[in-house]
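Peer 1: Test case, fold it:
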Amino acid sequence: MKSTSAFFNTLLLIIIFLTLTACSSRYHIRHDKAPLRVPTALEMQDAIVTDEAKSVATSRPYVINGVRYTPMSDEKGYTEQGIASWYGRKFHGYHTSNGEIYNMFDMTAAHKTLPLPSFVKVTNLDNGKSAIVRVNDRGPFHDERVIDLSYAAAYKLGYHTQGTARVKLEAVTLNRTNPRLTYVQVAAGSKLENLQLLAGQLREQYGLGTPITFENNLYKLRVGPLQDDSKAQALLEKLRNNQFNRAFLLYSEQEL
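Peer 2: Below you'll find the predicted structure:
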């Protein structure tokens, strides 16, 4: 009996060790590193700005290290100054926040709250070099940093050996044929009658549409649409303060 017990205890320890090892080896290397070659001139060409559909999944608020981030519904007019960093080999080949595969030689970037994808002109304030990147990931999750560039973009801006640089960010957008519409999702459930009753109350209270859609086996109630981002943010705060503390913004290229 003792030998059997000892065997199972040893087996349990092995399973725990393997589990911990698997959890700690999500990436193939522990610390980030630069690639083994420099980017080519072709790889460092500015990202081509397109009018892409935004990811609804990445427009929802999220929490990292106890900090809550609320993505913007529209990047038009966005500008900011701060510290840029870069990421390379550790993350190369892994998924970005919007499901794409990160390539350190693409002109891409990570940002905490810009819609995914979006395009930003990044200017190195110390040397005047600039690049246009496509934002397709979330991060960097450091208070003092505003954007995480791919290695190729950091190389083009001339700070790949320094790690960080002072930069200015400016959103680059195309003129849209149709305005982007913003909604606030307030509730979801399996019983349509309950949401219809709530929709009527919200419609009367806020004077806005309350469309209900059926997605992934759930009925989802939204309030909107709105075209002004500041009004959408104000409505979101009102709804959160009025029992809907899990409400969040989402946007659509067409009316729901």
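Peer 1: chain center to stretch 190-208: distance?
Peer 2: A distance of 30 Å separates the centroid of the chain from that of stretch 190-208, by C-alpha atoms, centre = their mean, to the nearest Å.
Peer 1: contacting residues for residue 254?
Peer 2: When contacts are counted by C-beta atoms under 8 Å, 6 or more residues apart in numbering, residue 254 is found next to 178, 181. All C-beta spots, glycine's among them, are computed from the backbone N, C-alpha and C.
Peer 1: Tell me how far it lies from residue 50.
Peer 2: In this view, residue 254 and residue 50 are 18 Å apart by C-beta to C-beta, to the nearest Å.
Peer 1: Show me the domain layout of the protein.
Peer 2: By the assignment in automatic domain parsing, the chain contains the domains 57-171, 181-252.
Peer 1: among those, which is nearest residue 31?
Peer 2: Residue 31 lies closest to domain 57-171 among those, at 6.8 Å (C-beta to C-beta).
Peer 1: what distance separates the start and the end of the closest one?
Peer 2: Distance between the boundary residues of domain 57-171 (C-alpha to C-alpha, to the nearest Å) amounts to 21 Å.
Peer 1: wait, residue 32 sits on residue 87?
Peer 2: Yes. Shown here, residue 32 and residue 87 form a contact pair, counting by C-beta atoms under 8 Å, at 5.8 Å.
Peer 1: So those two - more neighbours on which side?
Peer 2: When residue 32 is set against residue 87 and neighbours are counted by other C-beta atoms under 10 Å, the residue ahead is residue 87, at 21 against 17.
Peer 1: which element is the nearest residue to that one once chain neighbours are set aside on?
Peer 2: Closest residue to residue 87 apart from its sequence neighbours, by C-beta to C-beta, 6 or more residues apart in numbering: residue 148 at 5.4 Å. When elements are assigned from DSSP states H and E, residue 148 belongs to strand 145-150.
Peer 1: can you check residue 132 too?
Peer 2: Secondary structure here is read from DSSP H and E; on that basis residue 132 sits in strand 130-137.
Peer 1: Check which helices and strands that strand sits against.
Peer 2: Here strand 130-137 touches strand 108-110, strand 118-124, strand 145-150, helix 151-157, going by 3 or more C-beta pairs under 8 Å, 6 or more residues apart in numbering; DSSP states H and E.
Peer 1: Now do the second one and strand 130-137, the angle between them.
Peer 2: Orientation note: strand 118-124 sits at an angle of 140 degrees relative to strand 130-137 (axes from the mean of the first three to the mean of the last three C-alpha atoms, to 10 degrees).
Peer 1: distance between strand 118-124 and the chain's centre?
Peer 2: Taking C-alpha atoms, centre = their mean, one finds strand 118-124 lying 16 Å from the centre of the chain it belongs to.
Peer 1: list the helices and strands that strand packs on?
Peer 2: In this structure, strand 118-124 packs against strand 130-137, strand 145-150, helix 151-157, strand 165-171, with contacts taken as 3+ C-beta pairs under 8 Å, 6+ apart.
Peer 1: out of the ones you listed, which comes closest to residue 78?
Peer 2: Evaluated over these, closeness to residue 78 peaks at strand 165-171, with 4.0 Å, by C-beta to C-beta.
Peer 1: The helix or strand following that closest one - what's its average pLDDT?
Peer 2: Helices and strands here follow DSSP H and E; after strand 165-171, the next one along the chain is strand 181-189. When pLDDT is averaged over strand 181-189, the result is 90.
Peer 1: residues of strand 181-189 that come out buried?
Peer 2: Using 16 or more other C-beta atoms under 10 Å as the test for burial, strand 181-189 gives 181-188.
Peer 1: Many thanks, I have nothing further to ask.
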